[in-house]
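>>> Build me a structure from this.
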Amino acid sequence: MAWVYILRCADDSYYVGSTTHLEFRLWQHQNGEGAEYTKRRRPVELAFAHETESVAEAFGLEKQIQGWRRAKREALISGDFHLLPGLASRRRPRGTT
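Numbering: from 1, shown residues only. From the prediction side, this is the model:
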């Protein structure tokens with residue numbers, strides 16, 4: 001089992017990570033022993049967590065969510081799953097402005 005999680009940082013930014021030991025990883029972030037990103041943005045709070053079947057699945061979800069815009073992350077955090085497809089980034093076809 002593993003977890004993918006989103007932290008809300010003191011500067012109102014989000015940090016997305018994955019771990020096999022959620023409570024310990026949160027402790028690390030809160031105490032400046034986590035990622036460099038969160039070390040400078042403490043305190044942090046857990047905004048979202050999802051347990052997965054495997055480390056590979058958690059890591060894959062982490063990378064997917066890291067690519068999302070803020071609005072899509074916030075829909076996930078608030079449980080508005082029906083909004084997620086509509087918040088997918090839309091790229092313009094080449095040659096259009």
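
>>> Looking at this protein, which helix is longest?
helix 55-66 (DSSP state H).

>>> in that helix, what's buried?
The neighbour-count check on helix 55-66 (16 or more other Cβ atoms under 10 Å) flags 57, 58, 59, 61, 62, 65 as buried. Every residue, glycine included, has its C-beta placed from N, CA and C.

>>> contacting residues for the residue minimising distance to the centre of the chain?
Nearest residue to the geometric centre of the chain (Cα atoms, centre = their mean): residue 16, 2.9 Å. By Cβ atoms under 8 Å, 6 or more residues apart in numbering, residue 16 lies in contact with 4, 5, 6, 7, 62, 65, 66, 73.

>>> ok, 7 Å please
6, 62, 65, 66 (Cβ atoms under 7 Å, 6 or more residues apart in numbering).

>>> re the thing from before, after the longest helix of the chain, which helix or strand is next?
Using DSSP states H and E, the helix or strand that follows helix 55-66 in sequence is helix 70-78.

>>> what packs against that next one?
Applying 3 or more Cβ pairs under 7 Å, 6 or more residues apart in numbering; DSSP states H and E, one finds that helix 70-78 contacts strand 45-52.

>>> Put the alpha carbons of the strand it packs on into PDB.
Only the C-alpha atoms of strand 45-52 are listed here, as PDB (Å, rounded to 0.1, in the frame of the first residue of the first chain):
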ATOM      1  CA  GLU A  45      -1.500  20.900   6.300                       C
ATOM      2  CA  LEU A  46      -2.800  17.800   4.700                       C
ATOM      3  CA  ALA A  47      -5.400  18.800   2.100                       C
ATOM      4  CA  PHE A  48      -5.900  15.400   0.300                       C
ATOM      5  CA  ALA A  49      -4.800  11.800   0.700                       C
ATOM      6  CA  HIS A  50      -5.600   8.700  -1.300                       C
ATOM      7  CA  GLU A  51      -4.400   5.200  -0.600                       C
ATOM      8  CA  THR A  52      -3.400   3.100  -3.500                       C
END
